[in-house]
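# structure for this input, please:
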Amino acid sequence: MKCIYPDKITSISASEADASFPVTNLSDAHPKKVWKGTSRDAVLTVIASAGGALAVIATNATSITVVISTGQTLVWDTGIAWISGIVWDTTGDADTTELSLLDGDIDGAIWSQFASARTSAFTATITLTADAGETIQAGIVRCGTANDYKDPQYGISESLIDYSIIKELNNGATYFRKRDVVRTFDFKLLEDRDTDFYEFMLTVSRAMGPTPIVWRIRGTATDNKWIVFARHEKMPKGKHGSPTYSDILISLIEVL
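Below is the predicted model:
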């Protein structure tokens, strides 16, 4: 299992944006409050202070390319002038991840794991493309510390919570108003007590509190259905069954 916390993004910009759906929407905690472009493809530029993974949530893209580059910082002495037309390489070393497993539904999600975690500032260039005739959009972008744990033990429980309003009227008929239906996950981790257990319980869970973050519930899975923007439905509970390893009971609820 993996999660991104804390988020290390310092700025996000877009090559295009509908005025009613600005790029700042990608930084809030509401995936349904989306950024939209003005065509079927666009480029997002994310600047982060550090990080090991990047995620995009609630997108209708069918393909996404993520390029991570550190760039170069050059300061020239006063008075130096260069011939017109010279273009300097600013990419530095880069990781490139090609992701094209999405089906174009509005709830698409991707997780890009860097080849190596970056400990200083870098730029993530995200190129998104939707189906012909569609307008590209996304709900959440997060980039930051990638916390890595063992995958959940067998017996993961996944269910749905329906927030729809259902009411029986005086004549016996039923009134309903369709609202969001979110996923919930309940599972157990077995982690090293002195390191991963306390990192998850204190550095991540206690620090994040009710804040939703991006999770990859099965870190070894390629299916994007295991990537979810969620919060703790209730705070995790640990059980120290041995001097070395401890169980963590986790309950997550999706945030839309």
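
# for Thr125, what are its contacts?
43-46, 66-67, 69 (CB atoms under 8 Å, 6 or more residues apart in numbering). All C-beta spots, glycine's among them, are computed from the backbone N, C-alpha and C.

# closest to Arg142 among these?
Distance ranking of these against Arg142, using CB to CB, places Val46 first at 9.4 Å.

# what helix or strand is the closest one on?
Per DSSP states H and E: Val46 is located in strand 41-48.

# what about that strand, distance to the chain center?
Centroid separation for strand 41-48 versus its chain: 14 Å, with CA atoms, centre = their mean, to the nearest Å.

# could I get it in PDB with only the CA atoms?
Provided in PDB are the C-alpha atoms of strand 41-48 (Å, rounded to 0.1, in the frame of the first residue of the first chain):
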ATOM      1  CA  ASP A  41      -5.600  18.000 -24.600                       C
ATOM      2  CA  ALA A  42      -3.600  20.200 -22.300                       C
ATOM      3  CA  VAL A  43      -0.400  20.400 -20.200                       C
ATOM      4  CA  LEU A  44      -0.200  20.900 -16.500                       C
ATOM      5  CA  THR A  45       3.000  22.200 -15.000                       C
ATOM      6  CA  VAL A  46       3.500  21.200 -11.300                       C
ATOM      7  CA  ILE A  47       6.400  22.600  -9.200                       C
ATOM      8  CA  ALA A  48       7.100  20.700  -6.000                       C
END
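
# the very next helix or strand once past it pairs with which strands, parallel or anti?
Following strand 41-48 in sequence order, the next helix or strand is strand 51-59 (DSSP H and E). Applying DSSP bridges to the sheet, strand 51-59 is found paired with strand 108-118 (antiparallel), strand 140-148 (antiparallel).

# now the angle from strand 51-59 to strand 41-48?
Strand 51-59 runs at 140 degrees relative to strand 41-48, counting by axes from the mean of the first three to the mean of the last three CA atoms, to 10 degrees.

# for strand 51-59, buried residues please.
For strand 51-59, a neighbour-count test (16 or more other CB atoms under 10 Å) marks 51-59 as buried.

# number of nearby residues for Asp131?
Neighbour count for Asp131, taken as other CB atoms under 10 Å: 13.

# helix/strand/coil for it?
coil (DSSP: H, G, I helix; E, B strand; the rest coil).

# just to check, it is in contact with Gly104?
Yes. Using CB atoms under 8 Å, Asp131 is in contact with Gly104, at 5.0 Å.

# can you work out which residues contact both of these two?
Counting by CB under 8 Å, 6+ apart, the contacts common to Asp131 and Gly104 are 60, 62.
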